[in-house]
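In: Make a model of this:
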Amino acid sequence: MRKNFSSAERWLPTSVKELEQRGWTSPDVILFTGDAYIDHPSCGIAIIGRVLESMGLKVAVVPQPNWRDDLRDFRKMGRPRLFFGVTSGNMDSMVNHYTANRRLRSDDAYTPGGKAGFRPDYATYVYASILKKLYPDVPVIAGGIEASLRRLVHYDYWSNRLKPSILAETEADLLVYGMGEKTIQKIAAALQQGVSTSHLRDIPQTAYLASAETFTAGPSDLVLPSFEECLKSKEAFAEAFRLSEEESNRWSPRRIIQRHGNHYVVVNPPETPSTEEEMDAIYSLPYTRLPHPRYKDKPIPAYEMIKHSITIHRGCFGGCSFCTISAHQGKFIQSRSPASIMVEVDAIAQLPGFKGHITDLGGPSANMYRMKGKNLSLCRSCSRYSCLHPHRCSNLNTSHEDLLLLYENIRRHPAVKKVTIGSGIRYDLFMDTLLQNHTHPHRYLEELMKYHVSGRLKVAPEHFSEKVLELMRKPSFVLFETFKKQFDFINKKYNLNLQLIPYLISSHPGCTTDDMALLVLKCKELHIKPEQVQGFTPTPMTLSSVMYYTGLHPYTLKPVYVASGEEQVLQHRFFFWYKKENRPQLLSWLKKHGRHDLVRRLFGK
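Out: A predicted model of the protein is given here:
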């Protein structure tokens, strides 16, 4: 039985004192994370901890351990009965630490007070290595997004080189990729039965290192170009990515093998997508939805953003070139039932400080809830990287009716005054044709704007250039312009005064400085001052990062233009052409390259 609301025993223990309060001499599992411990289902460590706890296991969490001192944080709880779990947290530690220009960030949203410096670079590597040195005979299981996206050979932007699988650079016994609830339960169950990790070779959604002397690939395995071949040849690395991406997007992919020197990295196929009942079970676990009391009154910025939000589904079939979501969460949408979501609304309504505002009902894309193929047998034989690009699949059911009904039911909840959608939406899911009449807008957009936008609606056209959008696997900018007409029409019809905020990217492979100048010119013509903008950051296991490193498109091996160095900085400055401090450099570039037409159109006389 759980104790009263203020008791620290409502959270998983994070200290020896808390272990003693529970009467534990040692935990069964100890989880190390680079984030502060927030017991909320938006945080991976909370989900994995609660899932293991639901098996009757004693689970402890060590958040943001100090890796610089005598390693007391790694020793304090001693040896777990089953295994250590390690993760960098909800983000890759390098993305967390550095900007697109490789400059060190001054803050960390997952740390109390937003302070930087409480996790190492390559945190998963560091934690796993320390634990293996201290406890060489205790299994170490690596998971989370950093491990997941580095399971094979990958380009590492921050060291500007190809890196081998994380398994080849740490001594982790197993790697769990993707959303690993089902996988971690199978690992824990096997270890409880006394099975060694060296014999855990068939668990779905795991990867491991095998000796080249004893391992033989099977006839049905997909063998990728080796790490050594990728080092020698950018074409080989591009081919390795293409093969692994195509295979990963299948309903029933094969086992993937990649040689690293005297070892093979073996990546088992993933679990089947979670059913609605399985998703409901994960989100029904006893989360407090609060940061651990150890942080007292220190605010954690990431928590402030998600504390009153609800995840309604996982996965994304958009397949954008620069996005890691499908590589981590999968292409197939896994949704919760409306009943499960309403139970979570009830739980949020009981939280201290809740004033009636649900800040998000979403997932990677807010409006993919319950979307799937009309004929699932066709999906099971498909290997498309995207259900939306280069055109929307005719087998895809894009009905928004279930989502609209969910919105309506939550609006009617007696404790809810407002529901806003904080996740981005895919407008190409409901803009049926490029020439759709803007005076007959889609019902979803109309309902969204009337009830669920808190002043600003964020969407992601990303760019203006059709050639860049094609490389990004994004729809034509013409579709965004049509969408904006519908947005403006609904705004005027209901006197809403909402703002449309587009996400845009500079320096993506294929983007020239000319392209950036034309993009901001189009923004000016549409009366948009870019705010939600970013410089392209190559992250592991994405098509865009492979193009950035190789200068080739992996599917055609044709050259792709890649901006670098000062040109990347210049491209990003074009977003802020209206700032006086940027004008001299932008004018100089435009005049030097003979673009006097753009000088006049951007800056006037």
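
In: mind listing the strands for the stretch 151-300 of the chain?
Out: Secondary structure of the stretch 151-300 of the chain (DSSP state E, counting those that start in this stretch): strands at 154-156, 161-163, 174-176, 206-211, 222-223, 256-260, 263-267.

In: That should have said the stretch 401-550 of the chain, apologies.
Out: Under the criterion DSSP E, counting those that start in this stretch, strands of the stretch 401-550 of the chain are mapped to 418-419, 456-462, 499-506, 533-535.

In: What strands flank the shortest one, and is each parallel or antiparallel?
Out: The reference is to strand 418-419. Here strand 418-419 has these sheet partners by DSSP bridges: strand 357-358 (parallel).

In: Neighbouring strands of the next helix or strand after the partner strand in the sheet, and parallel or not?
Out: The helix or strand immediately downstream of strand 357-358 is strand 360-362, counting by DSSP states H and E. When pairing is defined by DSSP bridges, strand 360-362 lines up against strand 309-311 (parallel).

In: Averaged pLDDT, the partner strand. What do you get?
Out: Per-region confidence: strand 309-311 scores 97 on mean pLDDT.

In: Can you give the contact residues for that strand?
Out: Here strand 309-311 makes contact (Cβ atoms under 8 Å, 6 or more residues apart in numbering) with 41-42, 283, 336, 341, 344-345, 348, 358-363, 422. Heads up, the C-betas are built off the backbone N, CA and C, glycines and all.

In: In CSV, list the strands of the stretch 401-550 of the chain along with distance to Ser159 and mean neighbour count.
Out: Converted to CSV, the strands of the stretch 401-550 of the chain look like this (distance: least, Cβ to Cβ, whole Å; neighbours: other Cβ atoms under 10 Å):
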stretch, distance to Ser159, mean neighbour count
strand 418-419, 43, 18
strand 456-462, 27, 20
strand 499-506, 22, 20
strand 533-535, 18, 16
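
In: Can I get the buried ones among the contacts of strand 309-311 as something I can paste into ChimeraX?
Out: Selection of the buried residues among the contacts of strand 309-311 in ChimeraX, burial being defined by 16 or more other Cβ atoms under 10 Å:
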select :41,42,283,336,341,344,345,348,358,359,360,361,362,363,422
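
In: Gln258: which of the contacts of strand 309-311 is nearest?
Out: Gly363 (30.4 Å; Cβ to Cβ).

In: which residues touch the closest one?
Out: Thr311, Ile312, His313, Arg314, Gly315, Cys316, Ile333, Tyr369, Ser423.

In: which residues touch the fourth one?
Out: Think Arg314. Met179, Ser274, Met279, Gln329, Gly330, Ile333, Gln334, Ser335, Gly363, Pro364.

In: Kindly state the beta-bridge partners for it.
Out: The partner residues for Arg314, given DSSP bridges, come to Gln334.

In: Report pLDDT for it.
Out: 97.

In: Could you check how far it is from Ser129?
Out: From Arg314 across to Ser129, the span is 30 Å (Cβ to Cβ, to the nearest Å).

In: Kindly report the same for the last one.
Out: Computed as Cβ to Cβ, the Ser423 to Ser129 distance reads 36 Å.

In: And for the second one?
Out: The span separating Ile312 from Ser129 equals 38 Å under the rule Cβ to Cβ.

In: Show me what the helix or strand of the chain with the lowest mean pLDDT packs onto, helices and strands only.
Out: Here the helix or strand of the chain ranked lowest by mean pLDDT, DSSP states H and E is helix 596-603, holding a mean of 89. Under the contact criterion of 3 or more Cβ pairs under 8 Å, 6 or more residues apart in numbering; DSSP states H and E, helix 596-603 touches helix 513-525, helix 583-592.

In: quick one: contacts for Ile300?
Out: By Cβ under 8 Å, 6+ apart, the contact list for Ile300 reads Ala36, Ile38, Ala109, Tyr110, Thr111, Pro112, Gly113, Gly114, Pro291.

In: Ok, Phe215 next?
Out: Phe215 is in contact with Tyr264, Val266, counting by Cβ under 8 Å, 6+ apart.

In: let's go with 6 Å and repeat that
Out: Tyr264 (Cβ atoms under 6 Å, 6 or more residues apart in numbering).

In: One more: the one 5 residues further on?
Out: Residues in contact with Ser220, defined by Cβ under 6 Å, 6+ apart, are Arg254.

In: Which one of the helices and strands packed on helix 596-603 lies nearest to Leu378?
Out: helix 513-525 (36.6 Å).

In: what inclination does the longest helix seen in the chain have with respect to strand 456-462?
Out: For the chain, the longest helix by residue count, based on DSSP state H, is helix 477-493. Helix 477-493 runs at 170 degrees relative to strand 456-462, counting by axes from the mean of the first three to the mean of the last three Cα atoms, to 10 degrees.

In: From the chain's centroid, how far away is helix 477-493?
Out: Taking the mean of its C-alpha atoms, helix 477-493 sits 28 Å from the chain's own mean (Cα atoms, centre = their mean, to the nearest Å).

In: what pLDDT, on average, does it get?
Out: On average, helix 477-493 scores 93.

In: Also stretch 109-127?
Out: For stretch 109-127, mean pLDDT is 97.

In: Report the separation between the spatially most central residue of the chain and Gln334.
Out: The residue lying closest to the centre of the chain (Cα atoms, centre = their mean) is Ile325, at 4.6 Å. For Ile325, the distance to Gln334 (Cβ to Cβ) stands at 12 Å.

In: repeat for Tyr427
Out: Taking Cβ to Cβ as the measure, Tyr427 falls 23 Å from Gln334.

In: Also Leu590?
Out: Distance, Leu590 to Gln334, by Cβ to Cβ: 48 Å.

In: Same question for Val95.
Out: 24 Å.

In: Looks like Gly356 contacts Lys417 (just checking).
Out: Yes - judged on Cβ atoms under 6 Å, Gly356 makes contact with Lys417 at a distance of 3.3 Å.

In: which of the two has more neighbours?
Out: Counted by other Cβ atoms under 10 Å, Gly356 and Lys417 do not tie: Gly356 has more neighbours, with 14 against 11.

In: Please list all residues in contact with that one.
Out: Val416, Lys417.

In: Many thanks, have a good one.
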